[in-house]
Structures are given as structure tokens and as C-alpha cells.
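have a look at this prediction, sequence included:
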Amino acid sequence: MGKATIPKTLQEVSRVRSTKHKSFKKNDRQRLKAPLGKEQIRRKKLDPHYVVGFIDGEGSFSVGIGKQREAKPGYELRAAFEIELRADDQEILERILVTIGCGRIYDLSYDRYGWYPHVKYKISNRKDLREYLFPLLDKYPLQAKKAEVYKLFREVVMLAENKEHLTDKGFEQIIKLREEMRKRGKKARTYYGNR
């Protein structure tokens, strides 16, 4: 099997990534740590306005739909809020987690690309999204175009919380909302299941 070639445009993008570090060697691989939750973090809370501004710049809302044989309708809905940064900025993610009150921080290794290690703050539990993140973002609204994405994301999560994703009509509505989210954000693979 031949080695895959990377298009020149992607090579150029990877050269200018701020996370690329020439002195990082493949041998420097570090063992990934267990995720951190609020019970392990003792940090000072941040001003909610700061957190919301940070989310406007660095946060992302995603809705994944994948095939799942064990699930009743044959697919699984995965909604998540995330912020990913270089590992040397982990303290700010810890303070954001403490301010919001839920979620986990995961260690990410990009050593195969020669990048600095990263950390990701993630909330994927729908109850946590509803009880912690949504009240914060409803009280202190996002100001950038991400505010539109948040409203769509919130609607998807609430449909799922009300079990409407288990009906054909609800599932189709979620697909439409997710497509609207994607029009306002990064491109991703689209799922078109056989229903």
C-alpha cells in the first residue's frame, strides 16, 4: 500500500499552525492523564462575562449522529460543547470549568503531528448542558455569530431531552437544525442514515 500524499494546500496550512513545534520529538510522547472534573480542581472562578467572551472566540457546539445498533431507533445523538487549547493554557480551562460548574478536561496528544500537547474542556451530558451551560449563556448572551449556533444547539438538546429525537418528525427536525449549525461553522461530514 502506497503512502498517502497530502495536498500542497494542507501542507502549507500545517506549516503555519501556531501549535507546531519543531523541537517536539516523537520520542517525547507522554502518557495521557485521566480526565479532570470539578472535584479535582481548586481554582478561582472567573467573571461570567469573561467566560462567555472566551466561548465566543474559542468554544464550539457540535451535534453528532451515528449508527448505534443497541439504540432503539438505530442511531445515537451526541451533543457536545468544547473548548480546545494548548496544554500550557490548561489553567484557564480549569477556571472556566469551575465557573460553569460541570464538564471534564481531557488530555490530547498531537505528537504524531509534531504539535504541542492540547487539552479539551468538554460538556457532553445533556443534563449538564441544560442545568449548567444553558443558564449561563441565557443570562450572559454570546455576542458573535456563535450566538445563532448556540440557539440551534440548545434547541437540538431540548428536543433530545424531550425524547423527540426518537420520532421520525423529531429526528428530521434535528437534522435540519444541525445543518443550519454547520452553515454557520466548520464543515463536517454529514450523516444521512437509511430510515
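Perfect, I can see it now.

do me a favour and average the pLDDT over the strand or helix carrying Tyr106.
When elements are defined using DSSP states H and E, Tyr106 is found to belong to strand 104-108. Averaging pLDDT along strand 104-108 gives 89.

can we start the residue count at 560 from this point?
Understood, numbering begins at 560; the last thing we discussed is strand 663-667.

following that strand in sequence, what is the next regular element?
Read in the C-terminal direction, the helix or strand following strand 663-667 is strand 677-682, with elements assigned using DSSP H and E.

other SSEs contacting that next one?
strand 634-645, helix 649-659, strand 663-667 (3 or more C-beta pairs under 8 Å, 6 or more residues apart in numbering; DSSP states H and E). For glycine as for every other residue, the C-beta is placed from the backbone atoms N, C-alpha and C.

by how many degrees do the longest one and strand 663-667 diverge?
This means strand 634-645. Using axes from the mean of the first three to the mean of the last three C-alpha atoms, to 10 degrees, the direction of strand 634-645 lies 70 degrees away from that of strand 663-667.

in strand 634-645, what counts as buried?
Buried residues in strand 634-645, counted by 16 or more other C-beta atoms under 10 Å: 634, 636, 638-645.

that older thread, for Lys722, which of the helices and strands packed on strand 677-682 is the nearest?
Between Lys722 and the helices and strands packed on strand 677-682, the shortest separation by C-beta to C-beta is 10.7 Å, and it involves strand 634-645.

could I get that closest one in PDB with only the CA atoms?
In PDB, the C-alpha atoms belonging to strand 634-645 read as follows (Å, rounded to 0.1, in the frame of the first residue of the first chain):
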ATOM      1  CA  TYR A 634     -28.700   5.800  15.800                       C
ATOM      2  CA  GLU A 635     -27.300   7.800  18.700                       C
ATOM      3  CA  LEU A 636     -27.400  11.600  19.100                       C
ATOM      4  CA  ARG A 637     -24.300  13.100  20.600                       C
ATOM      5  CA  ALA A 638     -24.400  16.800  21.500                       C
ATOM      6  CA  ALA A 639     -21.300  18.400  22.900                       C
ATOM      7  CA  PHE A 640     -19.800  21.800  23.900                       C
ATOM      8  CA  GLU A 641     -16.000  22.000  23.700                       C
ATOM      9  CA  ILE A 642     -13.000  24.300  24.100                       C
ATOM     10  CA  GLU A 643      -9.600  23.100  22.900                       C
ATOM     11  CA  LEU A 644      -6.300  24.800  23.800                       C
ATOM     12  CA  ARG A 645      -2.700  24.100  24.000                       C
END
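
that strand pairs with which strands?
Looking at strand 634-645 with DSSP bridges, its paired strands and their directions are strand 618-626 (antiparallel), strand 677-682 (antiparallel).

much appreciated, bye for now.
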